[in-house]
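Enquirer: Everything below, folded, please.
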Amino acid sequence: MAIRPIITLPDPRLRLVSEPVAVIDAEIRQLLDDMLETMYDAPGVGLAAIQVAVAKRILVADATRGDEPKNPMVFINPQIVWASEELGVYQEGCLSVPDYFEEVQRPARVRVSFLDREGATCEIEADGLLATVLQHEIDHLEGGLFIDHLSRLKRERVVKKFVKAAARAQPPVADKVEA
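Expert: Prediction:
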C-alpha cells in the first residue's frame, strides 16, 4: 500500500467526469488499498479516485467516529438509485479543498448500488454522515465539488482564494541568460 498525493483546487482534473471500471483486477484492488491508506493518513472520511488523479468511478469511505472500530468501505461504479425528500445539513470539508468548511444541504438518506472489490453487485442504504459522504464523493466522480452546492458568491470567493494560493506556490520563472 502507498499514500498517494491528493490533488487540490484549482487543479482542473477535479472537474473531470470519471470513467466506469470495466474489470476489477489487481491494479484496481491496489488502487483501493492505496486510497484507503491515503484517506486515513489525510485524515478524511471519504476519498474519490479522481482526488488521487485517477479518473475512475471508485470511492472509499469510513464514517466511523472517535474510538469506534474502523469500517473501511469500497465502492466501484457507485450510483445513487434513491434519495429521500427529507434533507439534512452537514458541515462539509474536502481533502481537495483543504481547511475550508461550509454547511451543505443534501438528501438525508440515499440508496447506492455499487460493485465491491470482488465485483459483486451490492446496494446500501445510508443515512446521516455516511449518506453525506457518499453523495459528496459521488459528486467528485461527476466532476463536482461540495462548493458547487454553495451560493455563487461563496463559491467564487473560495475558488479565488485557492487560485491565488496556487499562484503563490509556483516557483518564479527564471529569465533565460545566454552566454
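Enquirer: I'd like the average pLDDT over the host helix or strand of Val104.
Expert: Following DSSP states H and E, one finds Val104 within strand 97-107. Per-residue pLDDT values over strand 97-107 give a mean of 97.
Enquirer: residues making contact with that strand?
Expert: With contact meaning C-beta atoms under 8 Å, 6 or more residues apart in numbering, strand 97-107 is reached by 8-9, 83-94, 131-132, 135-136, 145-147, 149-150, 154, 158, 161-162. Quick note: C-beta positions are derived from backbone N, CA and C, even for glycine.
Enquirer: Direction included, what does it pair up with?
Expert: Here strand 97-107 is paired, per DSSP bridges, with strand 87-94 (antiparallel).
Enquirer: List the buried residues of the strand it pairs with.
Expert: Burial within strand 87-94, assessed by neighbour count using 16 or more other C-beta atoms under 10 Å, is assigned to Gly88, Tyr90, Glu92, Gly93, Cys94.
Enquirer: Let me see the contact set for the first one.
Expert: Contacts here follow C-beta under 8 Å, 6+ apart; on that basis Gly88 touches Gln105, Arg106, Pro107, Ala108, Asp127, Gly128, Ala131, Thr132.
Enquirer: re the thing from before, I'd like to know which of the contacts of strand 97-107 are part of helices.
Expert: Mapping these onto helices (DSSP state H) picks out Ala131, Thr132, Gln135, His136, Lys154, Val158, Lys161, Phe162.
Enquirer: Which of those residues lies at the shortest distance from Ile3?
Expert: Nearest to Ile3, judged by C-beta to C-beta, of the ones in helices among the contacts of strand 97-107 is His136 at 20.9 Å.
Enquirer: The closest one is in contact with Cys94, isn't it?
Expert: Yes: with contact defined as C-beta atoms under 8 Å, His136 reaches Cys94; the gap is 7.3 Å.
Enquirer: helices and strands around the helix or strand in which Asp139 is found, which ones?
Expert: Assignment of secondary structure by DSSP H and E places Asp139 within helix 128-141. Using 3 or more C-beta pairs under 8 Å, 6 or more residues apart in numbering; DSSP states H and E as the contact criterion, the neighbours of helix 128-141 among helices and strands are strand 46-48, strand 58-61, strand 73-83, strand 87-94, strand 97-107, strand 109-115.
Enquirer: among those, which is nearest Gln170?
Expert: For Gln170, the closest of the helices and strands packed on helix 128-141 is strand 97-107, at 17.4 Å, according to C-beta to C-beta.
Enquirer: list the buried ones in the closest one?
Expert: Across strand 97-107, burial judged by 16+ other C-beta under 10 Å covers Val97, Tyr100, Glu102, Val104, Arg106, Pro107.
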